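> following is a predicted model, sequence given first.
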Amino acid sequence: KKNRERKTPTYTHTHPIPCAHLTMLFKGASSLLACRAGVQSALRGFASGKTPIKVSVTGAAGQIGYALLPRIASGEMLGKDQPVILQLLERTEALNALRGVEMELRDGAYPLLKDVVCTDSAEQAFEDIDYALLVGAKPRGPGMERADLLKDNGKIFVGQGKALDKFAKKSVKVVWWATPPTPTAWWPPATPLPSTPATFLP
């Protein structure tokens with residue numbers, strides 16, 4: 001009998017994989033990795049047993065607030081294992097835009113983001129908060145004098161300072177920014193009562 005040699009079958013791929021399919025595969029792999037990272041982050045937050053920290057952001061539907069919120073929700077501000085609750089303040093006429101920002105935050109499924117509160121009430125926005133980012137103020141428009149801007153933004157920050165003293169935690173830490181920056185930096189610290197040990201960071 002003749003020895004029969006086994007031939008190893010060879011496979012040739014005559015049709016290249018379309019780029020669109022490769023893109024879908026890479027996107028799927030990236031999504032799985034992102035999901036895994038999110039689950040790990042959530043587990044770290046759960047295991048830490050930390051109480052959510054309340055952060056208030058004023059002018060949250062504006063450009064600065066919109067850029068800050070994802071970073072706070074993802075843990076870049078307070079840590080990758082620190083749950084947060086966002087309490088967002090906007091003008092009444094801007095609440096619809098703020099709702100859109102809220103939807104984006106919730107669709108982002110940030111594991112550390114426990115809740116989002118949208119309001120035009122300083123009382124609700126500052127209630128029992130640990131941090132306040134006061135970035136909502138009137139910008140300088142065409143033909144406006146510096147004195148006009150100071151007058152308008154002064155009213156905003158004095159009102160917010162009083163609300164912080166009344167509704168926020170006495171240990172609240174406050175960061176604010178407005179135009180013009182130097183004079184407005186003096187309003188919030190001067191507004192709360194002297195007994196309030198809040199920390200203001202211009």
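On my side now, so go ahead. Being a predicted model, the structure only gives us computed values, none of them experimental.
> A helix includes residue 97, no?
Yes. The assignment for residue 97 (DSSP: H, G, I helix; E, B strand; the rest coil) places it in a helix.
> give me the nearest residue to it, chain neighbours excluded.
Excluding its sequence neighbours, the residue lying closest to residue 97 (C-beta to C-beta, 6 or more residues apart in numbering) is residue 61, at 4.1 Å. Using the backbone N, CA and C atoms, a C-beta is placed for each residue, glycine as well.
> just give me the neighbour total for that neighbour.
Around residue 61 sit 23 other residues, with neighbours defined as other C-beta atoms under 10 Å.
> what's the answer for the one 10 residues further on, then?
Around residue 71 there are 10 other residues, counting by other C-beta under 10 Å.
> check residue 91 too.
Neighbours around residue 91, by other C-beta under 10 Å: 15.
> pLDDT wise, what is it at?
Residue 91 carries a pLDDT value of 89.
> and the gap between it and residue 62?
10 Å (C-beta to C-beta, to the nearest Å).
> can you check residue 50 too?
Counting by C-beta to C-beta - residue 50 and residue 62 are separated by 29 Å.
> what about the two, which has more around it?
Neighbours were counted for residue 50 and for residue 62 using other C-beta under 10 Å; residue 62 has more, 21 against 16.
> would you confirm that the more buried one contacts residue 136?
Yes. Between residue 62 and residue 136 a contact is recorded at 6.2 Å, counting by C-beta atoms under 8 Å.
> quick one, strands of this protein?
For the chain, the strands defined by DSSP state E cover 53-58, 84-89, 113-119, 131-134, 173-176, 199-201.
> between the ones you listed, which gets the lowest average pLDDT?
Across these, strand 199-201 gives the lowest mean pLDDT, at a mean of 50.
> run a quick neighbour tally on residue 166.
Residues contacting residue 166 under the criterion other C-beta under 10 Å number 14.
> for residue 58, which non-adjacent residue is spatially closest?
Nearest residue to residue 58, sequence neighbours excluded (C-beta to C-beta, 6+ apart): residue 136, at 3.7 Å.
> swap that for residue 89, please
residue 125 (3.7 Å).
> what pLDDT does that neighbour get?
pLDDT, the model's per-residue confidence, is 95 for residue 125.
> ok, now residue 31?
Residue 31 is assigned a predicted lDDT (pLDDT) of 62.
> for this structure, which segments count as helices?
Applying DSSP state H to the chain gives helices spanning 19-48, 63-73, 95-107, 122-126, 146-167, 181-184, 187-190.
> hang on, the earlier thing: now mean neighbour count and distance to residue 99 too, for the strands of the chain, in TSV please.
As requested, the strands of the chain are exported to TSV (neighbours: other C-beta atoms under 10 Å; distance: least, C-beta to C-beta, whole Å):
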stretch	mean neighbour count	distance to residue 99
strand 53-58	25	15
strand 84-89	24	10
strand 113-119	18	6
strand 131-134	24	19
strand 173-176	20	24
strand 199-201	14	29
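> export the ones you listed as a markdown table, with columns for distance to residue 77.
As requested, those are exported to a markdown table (distance: least, C-beta to C-beta, whole Å):
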| stretch | distance to residue 77 |
| --- | --- |
| strand 53-58 | 8 |
| strand 84-89 | 8 |
| strand 113-119 | 12 |
| strand 131-134 | 8 |
| strand 173-176 | 10 |
| strand 199-201 | 13 |
